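Peer 1: A predicted structure for the sequence below; I have some questions about it.
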Amino acid sequence: MSQANRGVAGKVEKARPSRRGEPLSRQRVVAAAIALVDAEGRGALTMRSLADALGVQPMSLYNYVRGKEDLLDGMVDQVFGEIVLPNANGCWRPEIRARAVSARQVLSRHPWALGLLQSRAAPGPATLRHHDAVVGVLMNAGFSLAMTARAYAIVDAYVYGFVLQEATLPLDVRGTELAQAIGAGPKSADFPYLAAFAAGHVMQPGYDFGAEFEPGLDIVLDAVGSLAG
């Protein structure tokens, strides 16, 4: 085969789906977009980059999504679908706690979703099912409508904030880099409380910032419990 023919064959091969025999679908397009953003960040997502990842032409994607906004709606809906769904008839505290722990795990896998979860104007079925279950378990536990809204906001603020902090802290799982800079740096005498905190807690063997999540969640849930009627 000549070099020119090999080049043409290569382009044809690239245009074929990456998994032969598996047709495109909305679910597959959304899943591929999530995988792309998980690997390369939200800024890497374009209709062309997604088409390349799937091994198809960009225009073929419009048979399954109306555009990028519709694609983002589908991605957010899938993320909500991965979070444990509370039992609306269950005991509110263990149900909300399990949902919060699951949300943290899911958002740690998909940190790009943090800024999108509450921003979509066209929520999908998994999103609506999720919100309905959370609201239901709180209302059935005796929370008023106003206190249901407050409890939901408080728990989500804690979960989302913790995930954001966990994803952006400039330190390893033990916090040694920041702790050593504070506790052993030349200006440690200027920050005596930080130095004592770093040496006595953060630099201790086994320290893990992520381990703070569930104890903190229990404190939040203690406060939320006081909102029930």
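Peer 2: Everything's here; your move.
Peer 1: Tell me which stretches of the protein form strands.
Peer 2: In the chain, no segments count as strands under DSSP state E.
Peer 1: Show me the shaky parts of it.
Peer 2: Within the chain, the stretches with pLDDT under 70 are 1-21, 170-188, 229.
Peer 1: So which residue is dead centre in it?
Peer 2: A centroid search over the chain (C-alpha atoms, centre = their mean) returns residue 107, at 2.1 Å, as the residue closest to the centre.
Peer 1: Would you mark the buried spots in stretch 109-124?
Peer 2: 110, 111, 112, 113, 114, 117, 120, 123, 124 (16 or more other C-beta atoms under 10 Å). Glycine gets a C-beta too; all of them are placed from N, C-alpha and C.
Peer 1: again, but for stretch 30-44
Peer 2: Buried-residue list, stretch 30-44, by 16+ other C-beta under 10 Å: 30, 32, 33, 34, 36, 37.
Peer 1: Between the buried residues of stretch 109-124, which sits nearest residue 195?
Peer 2: Nearest to residue 195 out of those is residue 111 (C-beta to C-beta; 30.9 Å).
Peer 1: name the helices or strands packed onto the helix ranked longest in the chain?
Peer 2: Assignment by DSSP state H gives helix 145-168 as the longest helix of the chain. Applying 3 or more C-beta pairs under 8 Å, 6 or more residues apart in numbering; DSSP states H and E, one finds that helix 145-168 contacts helix 92-109, helix 125-140, helix 213-225.
Peer 1: Now tabulate those helices in JSON lines and tack on distance to residue 152.
Peer 2: Listed next are these as JSON lines, based on distance: least, C-beta to C-beta, whole Å:
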{"stretch": "helix 92-109", "distance to residue 152": "9"}
{"stretch": "helix 125-140", "distance to residue 152": "6"}
{"stretch": "helix 213-225", "distance to residue 152": "9"}
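Peer 1: Correct me if wrong: residue 152 contacts residue 134.
Peer 2: Yes. Counting by C-beta atoms under 8 Å, residue 152 sits close enough to residue 134 to count as a contact (6.0 Å).
Peer 1: Those two: which is more packed in?
Peer 2: Applying other C-beta atoms under 10 Å to residue 152 and residue 134 shows that residue 134 carries more neighbours, namely 24 against 17.
Peer 1: so who does that one touch?
Peer 2: Residue 134 sits next to 86, 96, 99, 152 when contact means C-beta atoms under 8 Å, 6 or more residues apart in numbering.
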